[in-house]
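Novice: predicted model and sequence follow; I will ask about them next.
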Amino acid sequence: MAYRDLDFNLTDEQKALRETIRKFGAEVMRPAGEKLDKLADPKDVIAKGSPLWEVIRKFRELGFHRRSLPKAVGGMQEDMDPMSNLIIGEEMGYADAGLTISLGACGMPFAYAALFPHPKLQEMARAYAEDTKGELVGCWAITEPDHGGDWSLGGDNPKCGPSVRGVLKGDEYIVNGQKAAWVSNGTIATHAVFHVGLQPEKGMMGQGLAIIPLDLPGITKGKPLDKIGQRPLNQGEIFFEEVKIPREYMVVTPDLGVMESMGEFILAGANGGMAVTFAGLAKAAYDEAFKYANERVQGGVPIIQHQNIQLKIFKMFTMVEAARATTRRMALYNALNQPPSGAHAVAAKCFCTETAFQVASEAIQVFGGNGLSREYPVEKMFRDARAAMIEDGVNETLSLAAVQYL
Ligand SMILES: Cc1cc2nc3c(=O)[nH]c(=O)nc-3n(C[C@H](O)[C@H](O)[C@H](O)COP(=O)(O)OP(=O)(O)OC[C@H]3O[C@@H](n4cnc5c(N)ncnc54)[C@H](O)[C@@H]3O)c2cc1C
């Protein structure tokens, strides 16, 4: 039986878009994600011929990578209404959360580059819009081995500022230091948007933001990280040794006051996307449990006929609907209003990732022993959701950063 979705008065175009992305999710993302998850060595996830590359390529062929870029550089941002963006994000999270994050991180440096007028940055964004082969891959490099929660809570404490440092010499910044193994797409990225300490005495308020190609001399990468959840999402360190970064690539410097004035924008950005993705994963775990409960026979009847399973299924349904409702409210508001609400985005991120984790855990319970087996999909969803409660900021540190906006 199909999930009873409430009608949001979707247009015919939005319904067609949902079918396209759902098909891509079911036929490309989900099977690739399952295969990638089972690879024992994370090096195989990024190896030539790995299903990862097919996912990236097919996503580009559909043109959805252009949705975060303006038409001026070949994008389709202006044609994407907020509901369409939401539908794409939720359906992708439903199919495979780790791959959704990877595909999202792919576009980050290029979406930032499009915001700045320098011809080199505009060209960078245009090249990504035109790339249907999956040759350009982006990442967002912020976390450092000794600075994780500091990015949310460090403020102007000099002890909490970035260890990756940049010093302006003439028309170049000389950058040294290391980003942590947590950088999504870190092992395969060709470009990065990365955070760098320019005025160490100001802690995190002294950071700058640069958009760079990662083939600059002095940049090296670490080995792919091995972890329990979101295994299709490759992650790895990036090292900087005396890297010369042209001044035009340092798009944000501390004197612009961005960190002081843009806190809510920053919180609203990535957290909004995380909420949508994991509302999708929660629904996927629910759907698997519902289907299994109708098929599995114990006590002479499908287990859905037992009241304990019915109560569990209904509780899961309630949680999924609450996650989707709060996400829609937040995402539609934030897409249309300036400033967006960072508090609502963080609330939705925390609620949806924790809901996804709980619903996936309950799905394992509905599956019984099979729920623990790698032959069935729900244990992977459980692991993927667990990672999300740390990803893009630990839920507790994000909450502490967001509470000031209430
Ligand atoms: C799947 C995944 C994808 C990721 N993708 C990226 C990416 O693309 N780019 C990137 O740069 N990073 C990425 N990260 C890194 C992620 O943002 C960090 O792991 C996260 O910010 C936490 O940092 P940490 O791991 O160093 O933990 P820590 O900061 O060491 O936190 C450890 C514990 O201490 C608590 N804590 C920390 N600081 C404080 C404080 N000041 N006050 C109170 N409690 C505190 C935390 O709540 C936590 O429970 C990713 C992580 C995951 C899991």
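Specialist: That came through, no problem. Given the structure is predicted, the values throughout are model-derived calculations rather than measurements.
Novice: hmm, E54 is touching A32, no?
Specialist: Yes: using Cβ atoms under 8 Å, E54 is in contact with A32, at 6.5 Å. The way it works is simple: take the backbone N, C-alpha and C, and place the C-beta from them, glycine included.
Novice: who has more neighbours out of those two?
Specialist: Ranked by neighbour count (other Cβ atoms under 10 Å), E54 and A32 place A32 first, with 22 against 13.
Novice: so what's that one up against?
Specialist: Counting by Cβ atoms under 8 Å, 6 or more residues apart in numbering, A32 touches 51-52, 54-55, 96, 99, 232.
Novice: now do the buried residues in the strand or helix carrying it.
Specialist: In the assignment (DSSP states H and E), A32 maps to helix 30-38. Buried residues in helix 30-38, counted by 16 or more other Cβ atoms under 10 Å: 30, 32-33, 36-37.
Novice: can you give me the neighbour number for N308?
Specialist: Using other Cβ under 10 Å, N308 is surrounded by 10 other residues.
Novice: list the contacts of it.
Specialist: Shown in contact with N308 (Cβ under 8 Å, 6+ apart): no residues.
Novice: is the next helix or strand after the helix holding A32 anywhere near the ligand?
Specialist: For helix 30-38, the following helix or strand on the C-terminal side (DSSP H and E) is helix 42-46. No: using Cβ under 6 Å from any ligand atom, we find that helix 42-46 stays clear of the ligand, coming within 12.5 Å at best.
Novice: in the chain, which residue is most central in space?
Specialist: Note on the chain: the residue nearest the mean C-alpha position is I101, at 3.3 Å, using Cα atoms, centre = their mean.
Novice: so what's that residue closest to, chain neighbours aside?
Specialist: Distances taken as Cβ to Cβ, 6 or more residues apart in numbering place L233 nearest to I101, at 5.2 Å, with adjacent residues excluded.
Novice: quick one: contacts for the one you found?
Specialist: 98-99, 101-102, 184-185.
Novice: checking it next. Helix, strand or coil?
Specialist: Assigned with DSSP: H, G, I helix; E, B strand; the rest coil, L233 falls in the coil class.
Novice: what's the pLDDT at it?
Specialist: Looking at L233, its pLDDT reads 98.
Novice: what about it, distance to the ligand?
Specialist: As judged by Cβ to the nearest ligand atom, to the nearest Å, L233 and the ligand stand 6 Å apart.
Novice: please consider this matter closed, and thank you.
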